[in-house]
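> I would like to see how this sequence folds:
(2 chains)
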Amino acid sequence: MPLIETIDLCQKYDEQDILKNINLQVERGEVLALIGPTGAGKTTLLRLIDLLEMPTSGKIYFHGRDATKSSKVRFQMRRRMTFVLQKPVVFNATIYDNIACGLKWRGVEKSSLRQKVNTILEMIDLSAYQKRNARTLSGGEAQRVAIARAVVTEPEVLLLDEPTANLDPLSVAKIEELITSIIRQYGTTIIMATHDMSQGQRLASRIGVLINGEILQAGEAREVFASPRSREVAEFVGVDNIIDGTVVSGEEGMVAVDIGGNKMIEAVSPYPVGEKVSACVRPENITLTLSKAATSARNSFRGQITGMVSLGPLSRIEIDCGFRLVALVTKRSAEELALKKGKQVYATFKATAVHVLRRN
Amino acid sequence: MTELWEGLVTAVKLIISLDPEVMQIAGRSLAISLTASLLASLACIPLASLIHFRSFPGKRVLVNIIQTLFSVPTVVVGLFVFVLFSSAGPLGGLSLIFTPTVMVIGQAILITPILLGLTISALSGVDRALVDTARALGASGGQTAIIILREARYAVLAAVIMAFGRAISEVGLAIMVGGNIRGFTRVITTAIALETSKGELELALALGIILLAIALIVNFALNRIQQR
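Coordinates of the predicted model:
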């Protein structure tokens, strides 16, 4: 039995669909990341799961019990979870009292409360400041207090809404470290919303892609990133190369996709001849060379560099091969090959690096 | 002019020498208005929380009515309480008319709209995310109300002080239901009205200075609180 199950969950605000038929199962101990663009409905879904608001229709089961049944049941169930809102608001009280509030509300006895709060204060590295007013904390510190305040109650489910939104990179790293240690030490089931897909990949064991109020795909992180099930998901998970074409030949699971202009992309795919498809290639799977190399890779296209953007240690390179391709190479490689705008290169990728999607 | 000056000097002497009558009247005023403020606060703060946190039909209208009643004339409340507690009234059997008790009741009724209205707006001023945070951390309805009241504590305290200010400075109600009985229901405002009409300016002025001093202290406290 899943720990949390939602069945056909719908939410409307002013006749506008915010969530459409959400069917989600979360197992005990699982870390699920809901990824999707801003406004996709992630926060609303978390609020529904935490029973802070009622769905327009659909059911939420917690331990197999209908959690939306009555306000009493909702309250009992909500006490077994905690939810860290996107905006880390703290109460106008000391850091200690902020962290202790959930335990006080649950009637936890004083000595056990003190011990639990002290343990978590050490975990977030704020023991020395426990008597300080929480209002004086920086954004990153306040978020650490907000997460600690939720975790200290030892919830069965921890819901996190964009835990690192609007934080500086150092604070982001600290929060991610904290979440990782919570997963390790407490084994808490976590559902977190994030628009940062790499964060989802780093922290979660499973990913649900929520776009326009619908879960378009859910599965293991690797699977979602390598084999997106639709164009929307592919675009969101960073597949920069989505090339439309038609399957023109196929045998033994290998297909050739005609992408126009006498160009073919070879791929491993089950689709039959005549099927209209999109070939998806992740930019990091494209190799650039200055001359045509002898290689086992099935796809190689000659093209001209039309743009280069530096992304930290990587360079994002746009190539016009008669169609647009984006490749991600290390800055060092780009320097060694003296890549620059206007230069001719060969873009090469393996047939197994192509994920073929059927077009609607 | 000299008469006024002499009156003022005598008034200050009355205050400095802790004149028994002046002190008694001022003490009674403080006791009645503080009691009224305390009792009204005990009733109104939870009630205001209930109105704020519950949604029900007609809520907006109710809040509008409460705000309109901020400026209800004290004599109207006086009339209402008088009719209620006069010997022929529905609560006449309690024989409370012309006692300090009925003055406390009257003042408590008078300041109820201010306390309710200002407490509601104090609670509305608290970040909505704090309410969600409390609930998301497992607070019950009551626990949420308490923590949000704590967040709004300075604004709520300001509401109580404003209410006390209105209670201690009103005169119509105190005369109508208290009767201005010397040594029993005579308070600062009723005494000033009476002494002035008698031409006894010294006592009136002394009490006026005390009332002003109270108003000053109240305002000073209010300013300090609102700066937090």
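
> Kindly state the pLDDT recorded for residue 80?
Since no chain was named, I'll use chain A. With respect to pLDDT, A:R80 scores 95.

> wrong chain, I was asking about chain B
In this model, B:F80 carries a pLDDT of 95.

> what about it, which helix or strand?
Assigned by DSSP states H and E, B:F80 falls within helix B:74-85.

> Identify the residues contacting that helix?
B:89-92, B:94, B:96-97, B:102, B:105-106, B:109-110, B:170-177 (Cβ atoms under 8 Å, 6 or more residues apart in numbering or on different chains). C-beta coordinates here come from the backbone N, C-alpha and C atoms, glycine included.

> from these, which would you call buried?
Burial by neighbour count, judged by 16 or more other Cβ atoms under 10 Å in any protein chain shown, picks out B:96-97, B:102, B:105-106, B:109-110, B:170-177 from those.

> Of those residues, which is the nearest to B:L207?
Set against B:L207, the nearest of the buried ones among the contacts of helix B:74-85 by Cβ to Cβ is B:V171 (11.6 Å).

> so what's that closest one closest to, chain neighbours aside?
In space, B:V171 comes closest to B:T189 once its chain neighbours are excluded; the distance is 3.8 Å by Cβ to Cβ, 6 or more residues apart in numbering or on different chains.

> What average pLDDT does the strand or helix carrying the one you found get?
Following DSSP H and E, one finds B:T189 within helix B:188-198. Averaging pLDDT along helix B:188-198 gives 94.

> That one to helix B:74-85, inter-axis angle?
Interaxial angle of helix B:188-198 relative to helix B:74-85 (axes from the mean of the first three to the mean of the last three Cα atoms, to 10 degrees): 110 degrees.

> and helix B:188-198, which residues are buried?
So for helix B:188-198, counting by 16+ other Cβ under 10 Å, buried means B:188-195.

> can you list contacts of it?
B:25-26, B:29, B:168-171, B:174-175, B:178, B:180, B:186, B:201, B:203-204, B:207-208, B:210-211.

> Once you drop chain neighbours, what's closest to the residue of chain B found nearest chain A?
With Cβ to the nearest Cβ, the shortest gap between chain B and chain A falls at B:A136, namely 3.7 Å. Nearest residue to B:A136, sequence neighbours excluded (Cβ to Cβ, 6+ apart): A:F83, at 3.7 Å.

> partner residues bridging the one you found?
With DSSP bridges as the criterion, A:F83 is bridged to A:L159.

> What of A:Q16?
Going by DSSP bridges, A:Q16 forms beta bridges with A:Y13.

> again, but for A:I35
Here A:I35, judged by DSSP bridges, has bridge partners A:T194, A:V209.

> Now the longest helix along chain A: average pLDDT?
In chain A, taking DSSP state H as the definition, the longest helix is helix A:169-186. Average pLDDT, helix A:169-186: 92.

> Tell me the buried residues in that helix?
For helix A:169-186, using 16+ other Cβ under 10 Å, the buried residues are A:171-172, A:174-175, A:178-179, A:182-183.

> Now narrow the residues you listed to whatever sits close to chain B.
The subset of the buried residues of helix A:169-186 within reach of chain B, counting by Cβ under 8 Å from any Cβ of the partner chain, is empty.

> Report whether A:M54 is found in a helix, as I expect.
No - secondary structure of A:M54 (DSSP: H, G, I helix; E, B strand; the rest coil): coil, not part of a helix.

> and it, how many neighbours?
The local packing of A:M54 (other Cβ atoms under 10 Å in any protein chain shown) involves 14 other residues.

> so who does it touch?
Applying Cβ under 8 Å, 6+ apart to A:M54 gives the contacts A:48, A:68.

> swap in A:G213?
A:11, A:17-20, A:40-41.

> Repeat the analysis, applying 6 Å as the threshold.
Contacts of A:G213 were listed using Cβ atoms under 6 Å, 6 or more residues apart in numbering or on different chains, and they are A:17-20, A:41.

> now it: how far from chain B?
21 Å (Cβ to the nearest Cβ, to the nearest Å).

> Burial check on the residue of chain A found nearest chain B, number of neighbours?
Here chain A gets closest to chain B at one residue, A:F83, 3.7 Å apart by Cβ to the nearest Cβ. By other Cβ under 10 Å, 25 other residues sit near A:F83.

> pLDDT value on it, please?
At A:F83, pLDDT is 96.

> contacting residues for it?
By Cβ under 6 Å, 6+ apart, A:F83 lies in contact with A:50, A:159, B:136.

> Just say helix, strand or coil for B:F70.
Looking at B:F70 with three-state DSSP, the answer is helix.

> From B:A159, how far off is it?
11 Å (Cβ to Cβ, to the nearest Å).

> Which one's more surrounded, these two?
The neighbour count for B:F70 versus B:A159, taken as other Cβ under 10 Å, is higher for B:A159 (26 against 14).

> So that one sits against B:T119, correct?
Yes - if you go by Cβ atoms under 6 Å, B:A159 and B:T119 touch, sitting 5.2 Å apart.

> just the helices in the stretch 251-360 of chain A please.
Applying DSSP state H, counting those that start in this stretch to the stretch 251-360 of chain A gives helices spanning A:331-336.

> Please apply the same query to chain B.
Using DSSP H, the helices of chain B run over B:2-16, B:20-53, B:59-68, B:74-85, B:100-124, B:128-136, B:141-151, B:153-169, B:172-173, B:188-198, B:201-226.

> Quick check: closest non-adjacent residue to A:I179.
A:L203 (5.7 Å).

> What about the one you found, how many residues nearby?
Neighbours of A:L203 under the rule other Cβ under 10 Å: 21.

> For it, give its distance to A:I49.
18 Å.

> hmm, back to that, going by distance to A:G245, which of the buried residues of helix A:169-186 wins?
Using Cβ to Cβ, those come closest to A:G245 at A:V172, 39.1 Å.

> Tell me who's in contact with that closest one.
So A:V172 contacts A:T164 (Cβ under 6 Å, 6+ apart).

> 10 Å - rerun?
By Cβ atoms under 10 Å, 6 or more residues apart in numbering or on different chains, the contact list for A:V172 reads A:140, A:143, A:163-166, A:196, A:199.

> among those, who's most crowded?
A:Q143 (29 neighbours).

> Check which helix or strand it maps to.
Assigned by DSSP H and E, A:Q143 belongs to helix A:139-151.

> buried stuff in that helix?
Result for helix A:139-151 [16+ other Cβ under 10 Å]: buried residues A:140-151.

> now stretch A:132-141
Judged by neighbour count (16+ other Cβ under 10 Å), stretch A:132-141 contains these buried residues: A:134, A:137, A:140-141.

> ok, and the closest non-adjacent residue to residue 228?
Answering for chain A, as no chain was given. A:P228 sits nearest to A:A234 (Cβ to Cβ, 6+ apart), 3.9 Å away.

> could you do chain B instead?
Excluding its sequence neighbours, the residue lying closest to B:R228 (Cβ to Cβ, 6+ apart) is B:Y154, at 4.7 Å.

> Now for the one you found, how many residues are close by?
B:Y154, neighbours per other Cβ under 10 Å, totals 15.

> And A:D168, by the same measure?
A:D168: 12 surrounding residues under other Cβ under 10 Å.

> Can you give me every residue that contacts it?
Neighbouring residues of A:D168 by Cβ under 10 Å, 6+ apart: A:138-140, A:174.

> and stretch B:101-119, anywhere near chain A?
No - counting by Cβ under 10 Å from any Cβ of the partner chain, chain A is not contacted by stretch B:101-119; separation bottoms out at 17.3 Å.

> Now that stretch: average pLDDT?
Average pLDDT, stretch B:101-119: 97.

> Alpha carbons of it, as CSV, please.
Listed next in CSV are the C-alpha coordinates belonging to stretch B:101-119 (Å, rounded to 0.1, in the frame of the first residue of the first chain):
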residue,chain,number,x,y,z
THR,B,101,-20.6,48.0,38.2
VAL,B,102,-23.0,49.3,35.7
MET,B,103,-20.5,51.9,34.6
VAL,B,104,-18.0,49.1,34.0
ILE,B,105,-20.6,47.3,31.9
GLY,B,106,-21.5,50.4,30.0
GLN,B,107,-17.9,51.3,29.2
ALA,B,108,-17.1,47.7,28.2
ILE,B,109,-20.1,47.9,25.7
LEU,B,110,-18.9,51.3,24.5
ILE,B,111,-15.4,50.1,23.6
THR,B,112,-16.4,46.7,22.2
PRO,B,113,-16.6,47.9,18.6
ILE,B,114,-13.1,49.5,18.8
LEU,B,115,-11.6,46.4,20.4
LEU,B,116,-13.2,44.1,17.9
GLY,B,117,-12.5,46.2,14.9
LEU,B,118,-8.9,47.0,15.7
THR,B,119,-8.1,43.5,16.8
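
> Nice, that's everything, thank you.
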